[in-house]
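Peer 1: Here is a sequence together with a model predicted from it:
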Amino acid sequence: MSFADRTIDEFLDDVAANVVTPSGGAVAAVGGAFGAALCEMVCIHTIEKDDYADVRAELTEIRDELGARRGRLLELADEDSAAVDELQAAFETPNGEDRAELLREKSRRTAEVPLEIAEVCLDVLEHAKVVTAKGNRNALTDAGTGAFLAHAALQASIVTVQSNLGMMADANDITGIEKRSDEIDERSEKALTTVKSNLGENG
């Protein structure tokens, strides 16, 4: 069963259990989805108001984009848990040449999935810049909360990426993922600074 089909309480029970998954990557993805949903909500409360007719088209498009990002993050929660489970299974396979290759393949996946989670959360943050600048002023705190959740999920995902790089063997793969992580991190900090500025100016 997908995490999206479980209640919040069921998901939290799964996290707070003596099994390997869902772990940090999946939890970060779900947290990012909450952030996207909050920003999406502010778009809805904006486009339905006549006072914001001038930004209706732009925020309608952003609302749709945020909905897509929310859905993708929930998918990535499942993908992260699958990647961790597959790596765990690879560790339990008998020794041999195939095992070493299997470990390399599965280790790479445990870095690639949280990296995508971070990338999608960055998209949420970039949209949050516009929502906090042009959205319904009565709901800006909600958009800010969404941005902070997305940023936290992004940072958590980068930490997960970095921790899993140590299991990878290909130096080129490691370098490429590190470069992408650094770029995402740098852009996220700039986006968060803009969001905070927007909240201050509109508060």
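Peer 2: Arrived safely, thanks for sending.
Peer 1: where does the protein dip in pLDDT?
Peer 2: The model of the chain has pLDDT under 70 over residues 97, 201-203.
Peer 1: Specify the helix with the largest residue count in it.
Peer 2: Counting by DSSP state H, the longest helix found in the chain is helix 97-134.
Peer 1: quick check: angle from whichever helix or strand comes after it to helix 97-134?
Peer 2: Per DSSP states H and E, the first helix or strand lying C-terminal to helix 97-134 is helix 140-165. Interaxial angle of helix 140-165 relative to helix 97-134 (axes from the mean of the first three to the mean of the last three CA atoms, to 10 degrees): 160 degrees.
Peer 1: Determine the set of other helices and strands touching the helix or strand following helix 140-165.
Peer 2: As assigned by DSSP H and E, the chain's next helix or strand after helix 140-165 is helix 171-202. In terms of contacts (3 or more CB pairs under 8 Å, 6 or more residues apart in numbering; DSSP states H and E), helix 171-202 is packed against helix 97-134, helix 140-165. For the C-beta atoms, the positions are set from N, CA and C on the backbone; glycine is no exception.
Peer 1: got the angle between the first one and helix 171-202?
Peer 2: Translated: helix 97-134. Between the axes of helix 97-134 and helix 171-202, defined by the same axes, to 10 degrees, the angle is 20 degrees.
Peer 1: What separation is there between the residue located most distally from the centre of the chain and Asp170?
Peer 2: Largest separation from the mean C-alpha position in the chain: Gly96, at 35.8 Å (CA atoms, centre = their mean). The gap separating Gly96 from Asp170 is 20 Å, by CB to CB, to the nearest Å.
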